[in-house]
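Visitor: missing the sequence, but the structure's below:
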């Protein structure tokens with residue numbers, strides 16, 4: 001069976017039976033509990049819900065339901081997803097969601113076994129974050145037309161994304177009150193609702209100041225929105241809109257759009273800091289990583305770049 005395209009997989013999902021009330025209630029209770037215990041971000045909650053609802057609907061189509069699923073059912077579902085073209089990373093995330101769900105059922109006495117106990121996660125290929133060079137970053141930041149309010153906004157967004165190493169969800173969700181230009185810091189609410197303070201740097205402060213004075217009032221119109229960045233009419237931009245902006249400006253800057261994503265600016269921020277001697281634990285705090293092991297991947301990126309530079313420029317490289 002050939003792997004299906006994303007559009008074909010969406011059609012598959014639409015064709016599955018509707019979610020049963022019992023499954024919907026179990027999923028809702030699980031997410032409420034996880035939110036109360038761990039303070040899950042809205043994106044994580046949506047991811048959990050999507051994973052569990054997908055499995056529950058597939059189970060109904062196979063003559064079962066979520067609560068009574070056994071290990072064989074989980075194995076069959078993972079095999080079905082693999083045949084349908086879902087990536088190992090997507091399946092690993094699904095299995096992580098199912099582990100959390102059935103662990104809670106076990107804890108509450110709703111089950112006496114954990115069907116995920118003997119299931120191994122799929123092996124994931126090790127991929128390094130893709131960072132742009134400093135020259136490419138400069139070209140990208142200079143790409144917007146800052147004579148227009150939206151172009152000035154885009155320049156400020158790109159500058160802030162790179163200066164503070166933000167996630168795209170953090171960028172589009174920033175409140176205007178989170179910026180302190182006098183002190184040159186930004187309060188960022190990251191995963192799990194955890195706040196961190198990130199320095200802005202002179203360039204980001206300059207473009208934010210210009211945006212706030214010259215562009216934001218025109219974009220807000222008669223409204224008084226809380227969001228820092230706005231589209232015309234006063235609404236905050238979406239992650240999808242910013243994704244499109246990054247791709248468009250990459251083309252303007254002469255960068256292959258396939259090589260860049262919004263998260264690539266965060267990767268570039270981390271890699272360039274390390275290249276200039278930043279401390280790994282300080283970088284962990286700036287990125288908002290819960291574990292230092294997550295941050296350490298950037299040392300490998302920096303090392304690979306040094307190897308390429310050596311091979312390119314050393315007479316015996």
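Guide: Alright, I've got the coordinates. Note that the structure is a prediction, hence the values are computed from the model and not measured.
Visitor: where does the protein dip in pLDDT?
Guide: For the chain, the stretches with pLDDT under 70 are 1-15, 61-64, 124-129, 294, 297-317.
Visitor: Which parts of the chain are strands?
Guide: 179-180, 185-189, 195-199 (DSSP state E).
Visitor: now the ones you listed as JSON lines including distance to residue 210 and mean neighbour count?
Guide: (Each C-beta comes from the backbone N, C-alpha and C, glycine too.) What follows is these, written out as JSON lines (distance: least, Cβ to Cβ, whole Å; neighbours: other Cβ atoms under 10 Å):
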{"stretch": "strand 179-180", "distance to residue 210": "13", "mean neighbour count": "17"}
{"stretch": "strand 185-189", "distance to residue 210": "16", "mean neighbour count": "19"}
{"stretch": "strand 195-199", "distance to residue 210": "19", "mean neighbour count": "15"}
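Visitor: would you turn those into CSV with distance to residue 38?
Guide: Output for those, formatted as CSV (distance: least, Cβ to Cβ, whole Å):
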stretch, distance to residue 38
strand 179-180, 28
strand 185-189, 15
strand 195-199, 16
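Visitor: Would you mind saying which of the ones you listed lies nearest residue 145?
Guide: In terms of Cβ to Cβ, the element of the strands of the chain nearest to residue 145 is strand 179-180, at 23.2 Å.
Visitor: ok so, going back, and residue 42, which of the strands of the chain is closest to it?
Guide: Evaluated with Cβ to Cβ, those place strand 185-189 nearest to residue 42, the distance being 11.1 Å.
Visitor: That closest one: how far from the chain's middle?
Guide: Averaging C-alpha positions (Cα atoms, centre = their mean, to the nearest Å) puts strand 185-189 17 Å from its chain's average.
Visitor: packing partners for that strand?
Guide: helix 149-164, strand 179-180, strand 195-199 (3 or more Cβ pairs under 8 Å, 6 or more residues apart in numbering; DSSP states H and E).
Visitor: Would you tell me which of those gets closest to residue 245?
Guide: Taking the helices and strands packed on strand 185-189 one by one with Cβ to Cβ, helix 149-164 is closest: 5.6 Å.
Visitor: tell me which residues of the closest one are tucked away?
Guide: 149-150, 152-164 (16 or more other Cβ atoms under 10 Å).
Visitor: before we move on, the earlier item: select, out of the helices and strands packed on strand 185-189, the one closest to residue 71.
Guide: Between residue 71 and these, the tightest spacing by Cβ to Cβ is seen for strand 195-199, at 40.2 Å.
Visitor: Mind listing the strands the closest one pairs with, and their directions?
Guide: strand 185-189 (antiparallel) (DSSP bridges).
Visitor: what residues does the partner strand touch?
Guide: With contacts defined as Cβ atoms under 8 Å, 6 or more residues apart in numbering, strand 185-189 is touched by 160, 164, 166, 170, 173-174, 178-180, 195-200, 288.
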